[in-house]
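sequence first, predicted model second:
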Amino acid sequence: GAVVSQHPSWVICKSGTSVKIECRSLDFQATTMFWYRQFPKQSLMLMATSNEGSKATYEQGVEKDKFLINHASLTLSTLTVTSAHPEDSSFYICSARDVGHYVQYFGPGTRLLVL
Amino acid sequence: TQLLEQSPQFLSIQEGENLTVYCNSSSVFSSLQWYRQEPGEGPVLLVTVVTGGEVKKLKRLTFQFGDARKDSSLHITAAQPGDTGLYLCAGRRSGGSNYKLTFGKGTLLTVNP
């Protein structure tokens, strides 16, 4: 149980284009989902917290207009990187919290490379 | 200032050796979790500790939560090459909202055969 999937697992795009990453909780309902960014051999940096049916809460320094988050249902959240630039290249990981619990379950991550 | 200080940051040992990873803070956490992450994958939850002084064992891994719920440790006995990975501690602060986790910087463990 408690499986979280991400799609795509990796994506290469041209500078200036937008990329959408999906995060799904497969066997549980997730009131809250989290989006993280991770650089090689470093820890996870929380970008934003998304609650189903409401606006996401962004961490300080994260541009909300650049990283659009939508949490339209209890099993799906999306992160759209708009007008991507090479410096946006990173490993993006989502996590989901099961309703009534505090433990977060992580997706397998999405590797983004912007050329 | 890092809220959760994790040490050591890098650790390279030989198969069969023991090791301990520490996670310290000046803040109190209502729960603390340990994750293991392999390259190119998401973190996998190893354990959650909730009660001060709690000790949990997972095969060769022993996890402790400090009495004051400000620190935790992970001890691995007789490490194996399969234990290689990035170990992350993450805590949920007492009174924190929205179930946010605060992560340590991680410990990159390499176990050489």
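The structure has been received and is ready for your questions.

drop to CA atoms for contacts and neighbour counts, all remaining ones
Fine.

so what's the closest residue to chain A within chain B up against?
Here chain B gets closest to chain A at one residue, B:G42, 4.1 Å apart by C-alpha to the nearest C-alpha. By C-alpha atoms under 8 Å, 6 or more residues apart in numbering or on different chains, the contact list for B:G42 reads A:I93, A:F106, A:G107, A:P108, A:G109.

which parts of chain B sit against chain A?
B:40-45, B:48, B:86, B:88, B:98-100, B:103-106, B:108 (C-alpha under 8 Å from any C-alpha of the partner chain).

run the last query once more with 7 Å
For chain B, the contact set with chain A under C-alpha under 7 Å from any C-alpha of the partner chain comprises B:E41, B:G42, B:P43, B:V44, B:Y99, B:F103, B:G104, B:K105, B:G106.

any idea what the residue sitting nearest the centre point of chain A is bridged to?
Residue closest to the mean C-alpha point of chain A, counted by C-alpha atoms, centre = their mean, is A:W35 at 3.7 Å. Beta-bridge pairing of A:W35 under DSSP bridges involves A:A48, A:C94.

that one and A:G107, how far apart?
Noted for A:W35: a distance of 10 Å to A:G107, by C-alpha to C-alpha, to the nearest Å.

any common contacting residues for those two?
Common neighbours of A:W35 and A:G107 (criterion: C-alpha atoms under 7 Å, 6 or more residues apart in numbering or on different chains): A:I93, A:C94, A:S95.

touching, the first one and A:R111? I think so.
No - at 8.8 Å, A:I93 does not count as touching A:R111 under the criterion of C-alpha atoms under 7 Å.

between these two, which one's more packed in?
Using other C-alpha atoms under 10 Å in any protein chain shown, the more surrounded residue of A:I93 and A:R111 is A:I93, with 28 against 19.

which residues does the more buried one contact?
Contacts of A:I93 (C-alpha under 7 Å, 6+ apart): A:W35, A:Y36, A:R37, A:G107, A:P108, A:G109, A:T110, B:G42.
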